[in-house]
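Colleague: Make a model of this:
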Amino acid sequence: MRRTMLFLPGNAPNMLINGDMMGADSVILDLEDSVDPGQKDAARALVRNVLNQKLYRKSEVIVRINPLDSEFWREDIEAVVPSRPSLLMPSKVGRAEDIRELDVFITQVEQKCGVKTGTIGLLPLLETAEGIENAREIALSSQRIVGLFLGGEDLTADLHARRTKEGGEIFYARSRIVCAARACRIEAYDTPFTDVNDEEGVRQDAQLARDLGFIGKAAISPRHVDIINEVFTPSEAEISYAHQILEAIAEGGRLGKGAVSLHGKMIDAPVVKRAMQIVEMENAMAGGGLVDQESGDNRAGCRPGGTAGRNEDFFPPSSAEWRLRSQPRDGGSRFSGD
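Modeller: Here you go, the predicted model:
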């Protein structure tokens with residue numbers, strides 16, 4: 001579960017040390033834009049030390065590395081892979097070939113330092129017109145990939161567009177990334193809202209992203225974390241209704257019904273799928289469905305056939321599993337087949 005991903009400069013010790021207390025599901029330790037070229041070595045050492053100290057118990061750790069057209073990305077990977085962050089975020093990814101080259105090099109470093117091959121996942125940052133147009137090919141380029149991440153600021157510069165709070169200039173890019181990600185059975189994550197002082201603006205921007213199909217959003221300020229978490233968290237009413245749907249389906253199965261209704265409305269497969277997504281998120285929040293840094297177990301995101309296992313968002317459990325999972329939380333039955 002990655003509702004919020006908070007960027008932290010890789011050369012800011014105080015922020016890195018305190019990052020786990022800021023409430024984000026994931027933190028992105030940045031070795032790219034926030035670090036001047038002359039400070040790259042020092043930032044790598046700082047990020048590596050933070051990873052080795054295992055300071056993050058509540059938040060998943062992602063490291064943003066420099067783009068492949070720079071002189072820095074190989075050193076970034078060599079510095080942090082032995083410390084096993086959950087994910088690497090390669091920046092300015094434009095082609096599937098970029099990911100394949102990264103994958104080969106990461107495998108070499110994993111083997112060299114005794115890390116199981118495939119341990120390190122990838123969350124590509126698409127922030128150029130080329131990357132947006134190649135989103136599907138990028139998504140399919142490696143089993144390490146758990147999602148696609150939109151970078152709106154660099155993208156609008158590449159498009160020669162004017163960046164606005166309303167975000168009309170990136171609507172196409174948002175839609176394309178969501179469609180590409182979902183078609184490839186991975187997730188889509190939205191660009192940060194960059195006005196730190198506009199709390200209503202970040203709320204509206206996050207709500208738009210959720211409505212479009214993103215399951216999380218990045219932040220550049222800790223002030224935005226709680227707002228984004230709230231937007232991407234199902235309400236109590238949504239959770240209650242989702243349980244009612246699954247209980248109705250389970251009861252219908254026990255009674256041998258071919259069609260099931262709830263409160264006078266037929267329950268079809270898309271409705272069940274959405275209900276399951278909400279219940280899975282509820283379970284993830286209750287169980288801290290993030291990452292075990294000790295074991296490297298990435299429970300926060302997965303891809304079918306990849307190193308993280310089965311994505312139930314696309315391979316829903318069988319009716320028997322529904323019946324098992326949808327037992328009433330209060331011990332009684334809320335089934336209503338009217």
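
Colleague: Tell me if I'm right that Ala45 and Asp76 touch.
Modeller: No - using C-beta atoms under 8 Å, Ala45 is not in contact with Asp76; the gap is 11.7 Å. Any C-beta I mention is one placed from the backbone N, CA and C, and that applies to glycine too.

Colleague: So if I had to pick from those two, which one is more boxed in?
Modeller: For Ala45 versus Asp76, neighbours defined as other C-beta atoms under 10 Å are more numerous around Asp76 (23 against 13).

Colleague: Wasn't that one part of a helix?
Modeller: Yes - assessed with DSSP: H, G, I helix; E, B strand; the rest coil, Asp76 lies in a helix.

Colleague: now what about stretch 205-217, what contacts it?
Modeller: The contact list for stretch 205-217, computed with C-beta atoms under 8 Å, 6 or more residues apart in numbering, reads 1-5, 25, 165, 167, 174-175, 178, 182, 187-193, 227-228, 231-232.

Colleague: Between Ala45 and Asp76, which contacts overlap?
Modeller: The contact sets of Ala45 and Asp76 do not overlap (C-beta under 8 Å, 6+ apart).

Colleague: which stretches of this structure form helices?
Modeller: Here the chain has its helices, by DSSP state H, at 13-18, 40-52, 73-80, 96-113, 129-133, 135-139, 152-159, 171-183, 199-212, 225-231, 236-254, 269-287, 319-325.

Colleague: deepest of the ones you listed, which one?
Modeller: Greatest average neighbour count among those goes to helix 135-139 (a mean of 22), per mean count of other C-beta atoms under 10 Å.

Colleague: helices or strands next to it in the packing?
Modeller: helix 96-113, strand 147-150, helix 171-183 (3 or more C-beta pairs under 8 Å, 6 or more residues apart in numbering; DSSP states H and E).

Colleague: any idea how far it is from the chain center?
Modeller: Its chain's C-alpha centre lies 16 Å from the corresponding centre of helix 135-139 when counted by C-alpha atoms, centre = their mean, to the nearest Å.

Colleague: Same check on stretch 253-264?
Modeller: Here the centre of stretch 253-264 is set off from its chain's centre by 34 Å, with C-alpha atoms, centre = their mean.

Colleague: Could I get the average pLDDT for that stretch?
Modeller: Mean per-residue pLDDT for stretch 253-264: 78.

Colleague: Now do the buried residues in it.
Modeller: By 16 or more other C-beta atoms under 10 Å, the buried positions in stretch 253-264 come out as Val260, Leu262.

Colleague: before we move on, the earlier item: identify whichever of the helices of the chain lies nearest to His263.
Modeller: With C-beta to C-beta as the criterion, His263 lies closest to helix 236-254 of the helices of the chain, at 8.2 Å.

Colleague: okay, how far is it across stretch 165-172, tip to tip?
Modeller: End-to-end distance for stretch 165-172, by C-alpha to C-alpha, to the nearest Å: 15 Å.

Colleague: hang on, I meant stretch 178-192
Modeller: Terminal residues of stretch 178-192 lie 16 Å apart, using C-alpha to C-alpha.

Colleague: Please apply the same query to stretch 218-228.
Modeller: Using C-alpha to C-alpha, one end of stretch 218-228 lies 9 Å from the other.

Colleague: Relative to the whole chain's centre, how far out is it?
Modeller: On C-alpha atoms, centre = their mean, the centre of stretch 218-228 falls 15 Å from the chain's centre.
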